[in-house]
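> Next comes the sequence, and after it the predicted model I'd like to discuss.
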Amino acid sequence: MSRRTRHNVLPGFNLAMGYTLFYLGLIVLIPLSAAFIKTFALTWAQFWGAVSTPRVVASYQLTFGASLIGAAINAFFGLIVAWVLVRYTFPGKRILDALVDLPFALPTAVAGIALTALWAENGWIGSLLKPLGIKVAFTPLGVVLALTFIGLPFVVRTVQPVLEDLESELEDAAASLGATRWQTFVHVILPTILPALLTGFALAFARAVGEYGSVVFIAGNLPMKTEITPLLIITKLEQYDYNGATALAVVMLLFSFVLLLLINVLQWWANRRAGRES
Amino acid sequence: MAGATTILTKPVAGASVAIDVQRNRRSTEEHPAVKWGLIGLAVAFMLLFLIMPLVTVFFEAFRKGVGVYLAALSEPEALSAIKLTLLIAGIAVPVNLVFGVAASWAIAKFDFRGKALLITLIDLPFSVSPIVSGLIYVLVFGAQGWFGPWLQAHDMKVIFAVPGIVLATIFVTFPFIARELIPLMMAQGAEEEEAAIVLGASGWQTFWYVTLPNIKWGVLYGVILCNARAMGEFGAVSVVSGHIRGQTNTMPLHVEILYNEYQFAAAFAVASLLALLAFVTLGLKSFVEWKARAEHEILPLEAPRT
Amino acid sequence: MFARRFLALLGPLAATALLLVAPGAARAQTTLLNVSYDVAREYYKDYNPVFVKYWKGKAGQDIAVNQSHAGSSAQARAVADGLEADVVTMNQATDIDLLASRGLVVADWTKRFPNNAAPNFSTMVYLVRKGNPKGVKDWGDLVKPGVAVVIPNPKTAGNGRYTYLAAWGYALRQKGGNEASAKAFVTALFKNVPVLDTGGRGATTTFAQRNIGDVLVTFENEVYLIQKELGADKVEIVYPSVSIRADNPVALIERVVDKKGTRAVAKAYLDYLYSDEAQEIAAKYHYRPVSAAISKKYASTFRPIPLLTVEEVFGSWAAAQKAHFADGGSFDQIYQK
């Protein structure tokens, strides 16, 4: 896998790569393989029975669908937030900057309870939406809301350093060549930050897929309607069904792996293209 | 593109990047209406998704008055939970920092096959449901796990003790710093480092004086994110902790137990403290930023000082 | 330079942290670990010092009792996976059955302590909004159209399980009641459930803070905690005509007490739960005591209602679990089209 081509002047590849693979194997791959091996205790029929009932399939749709929507919302608003935090000065900016990481620090259950308190029909926001006929808490919208919340820091924090690093000369050059601000953004800025944006999207999505703590408070958890896959994993564990639980976990893991790989290949390609254009 | 321009505009010895942004770019500024529109949008989004939930947390925390709030935080079990949480973050964050820097160096500065696959493997812990993240360590180290009998025979504890909590926390925060640095270092390219090497710098010198100053904001954001998540993680930790009062209970677990005992205000009080702890790292960031700027004014070329 | 200083700061921090981990295992004093479910923390917080004092007087030995609380089934899993509990104090027999099946607890654990090894118990009651606007009196009222009932998910919460079984038992006892009518009754009941929270606590929040539902069905001992937290002016308690007995069973973890040499003190810890002193603490936390004397003393607190037991209605916990809450069981069938 390690075939160096271009930057062979730089030292440290073997050390850095060796350490990376060692640590990755120790912390992630070996323990994760335990889940796969546990699943092998099931026959194929048992495995398929556990992961393909209509109720489970409905939960996949909700989990992955809501995660994608949540990540997309985060990509859009996260970019704006990162842009505003890097490029502009305005009162309260530092506080805003400080708040971005909040969704990670709050235990997920607390986040779930706080969000439900706000968006339930008797909450501060929910009561405003009620006359409009919009219900958020205890509907799939609530799931999207919770997943947006917990993935919010990713896009902001991956785009922010790249924006901070961006050279203004390029923009100056584009402007002096007569490009409008929008053209400069689309053709100069966006290609540079696209890899980071995609990374943020991928991470927000990945995090949302596995999320449990905050969602169960706002989802309502009705089977076929608002039941997420991680909850089904828990219900299997409650019956001491370790094999069934790991079977579901493995299916989710494979799904996420393929989606993440797609995003990363896309990003690698975007990066290559950006590199070649110069 | 970005790489090629960096070599044009920046001299080798790591001129600070953040300062560049401050430069005048009148010709490339947005129309004020666009600017304030964007600010408005960002603020509205944050208000809805971050500030309101935070206000709710503090509102609930102080619902029963300041006395209950302070009592909840000074309870011995709360204090030991706070200590344990700080300890866990104090181990997990540096360990992942070293990994993050090594991984991003290998991935961003070199070309090799299977790069996207490797990055995806690094991302993987994010998509694992927290409960499953804990469960896999139980499967490995539990009484019926791979190493369980051996550990029991030697009277060593991994899960249901501090090492297990540390491992689970490292797992869930594994990708943060690496994933923060990879896109940043990719955007920067390797030309500066190559120039330094060509000019005779050693590998470590290149890393310390060229790479690190360039990625410091990325490192900082990564550390902040990683730290926040390390302190706030509940699901994975709850599976491996054993929930022993005063010994293996972290702050999020303590919050959960208070909540389940109908001590709503106390639960939110501890949660609000967690939120505040996350802000401490941001205070640190502001301080470092300020310090870096002040230093830059005195010493245009950063010299290593104690 | 910032970055270097930053790393220089983190290094020693990590080293110190690792040093702190190393000790901690060795402790001279005898300690017991009581692994328990989550609402019982306050009760055992009061009981532990009482027992420590009693044991000091009886055996002249100083001991310390550590507690661990979380969801009952999750705790049973942790003990099965190696959490070194001397004793377990659960709120459901299935959790101890699991440990018995793994050989951690003796097979006839229910015979090792009086009263099926349950020193106290609770039951399921209703919480309704002040004035009981929907006029909810009994199980039959819960299935009426327009009545919203908040019950947590029976697959993840003990509350939900007991409520489900109580409703099933009630339906069986009605005139002409049989398996089919009981199933229809429980199906109608869960059609009236707007939100299936994962735990009893979440269900309480939904009912009390979100103002969802007309009735919350929960454990009697938790009802008082809820009233204390929310104020008695918002909700009132309704006792149905019949409910179910929710025993809080206890057991010794054989392997651990043998290894640690704590068998005598651990057994005494559980035995003393039946003493009048401990029974009174239980009553104070609204667990129904099993001691006749203490029951009499608190007769005004605990309204006498007929209580079904899981064993008499369903044969055993294992059978109830398999028929109703296992995957594809009667509860899952409610939600299948």
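Perfect, I can see it now.
> and B:Ile51, how many residues sit next to it?
Other residues within reach of B:Ile51, judged by other CB atoms under 10 Å in any protein chain shown, total 15. The C-beta positions use only the backbone N, C-alpha and C, and glycine is treated the same way.
> list the contacts for it?
Going by CB atoms under 8 Å, 6 or more residues apart in numbering or on different chains, B:Ile51 touches A:Leu99.
> From C:Ala117, how far out is it?
Separation of B:Ile51 from C:Ala117 (CB to CB, to the nearest Å): 51 Å.
> same check, this time on A:Phe47
Counting by CB to CB, the gap from A:Phe47 to C:Ala117 is 38 Å.
> same check, this time on A:Thr246
32 Å.
> Looking at these two, which has the bigger crowd around it?
A:Thr246 (28 against 21).
> which regions of the chain sit below the pLDDT cut-off?
Went with chain A since none was named. Counting by pLDDT under 70, chain A contains low-confidence ranges at A:1-8, A:273-278.
> To clarify, I was referring to chain B.
Scanning chain B for pLDDT under 70 picks out B:1-28, B:282, B:292-293, B:295-306.
> okay, which residue is most central for it?
By CA atoms, centre = their mean, the mean C-alpha position of chain B lies nearest to B:Cys226, the distance being 1.8 Å.
> my guess is A:Gly123 meets A:Ile113, correct?
No. Between A:Gly123 and A:Ile113 there is no contact, the gap being 11.2 Å when judged by CB atoms under 8 Å.
> Can you report phi and psi for the residue nearest to B:Ala143 when sequence neighbours are not counted?
Distance criterion CB to CB, 6 or more residues apart in numbering or on different chains; nearest residue to B:Ala143, sequence neighbours excluded, is C:Gly82 at 3.5 Å. Dihedral angles of C:Gly82 (phi, psi; degrees, to the nearest 10) stand at phi 120, psi 0.
> Let me know how buried C:Gly82 is, in neighbour terms.
Neighbourhood size, C:Gly82 [other CB under 10 Å]: 27.
> Show the contacting residues for it.
The neighbourhood of C:Gly82, defined by CB under 8 Å, 6+ apart, consists of B:141-143, B:148, B:152, B:159-160.
> one more time with 10 Å, if that's ok
C:Gly82 makes contact with B:138, B:141-145, B:148-149, B:151-152, B:157-161, B:164, B:242, C:104, C:255-256 under the criterion CB atoms under 10 Å, 6 or more residues apart in numbering or on different chains.
> Also C:Val128?
C:Val128 neighbours (CB under 10 Å, 6+ apart): C:134-137, C:141, C:147, C:207, C:213-216, C:235-238.
> Surely it is in a strand?
Yes. Under DSSP: H, G, I helix; E, B strand; the rest coil, C:Val128 sits within a strand.
> Please report the distance of it from C:Leu216.
8 Å.
> Return every residue with contacts to both of these two.
Shared contacts of C:Val128 and C:Leu216 (CB under 10 Å, 6+ apart): C:207, C:235.
> Not counting stretch C:330-337 itself, show me its contacts.
In this structure, residues lying in contact with stretch C:330-337 by CB under 10 Å, 6+ apart are A:53-55, A:222-225, A:227, A:235, C:153-155, C:160-161, C:164, C:168, C:179, C:182-183, C:186-191, C:193, C:196, C:320, C:323-326, C:328.
> And for the residue nearest the centre of chain A, nearest residue in space, chain neighbours not counted?
For chain A, the residue nearest the mean C-alpha position is A:Ala204 (1.4 Å; CA atoms, centre = their mean). Using CB to CB, 6+ apart and skipping residues adjacent in sequence, the residue nearest A:Ala204 is A:Gly151, 3.2 Å away.
> coming back round to it: could you pick out the buried ones from the contacts of C:Gly82?
By neighbour count, with 16 or more other CB atoms under 10 Å in any protein chain shown, the contacts of C:Gly82 hold B:138, B:141-143, B:145, B:148, B:151, B:157-161, B:164, B:242, C:104, C:255-256 as buried.
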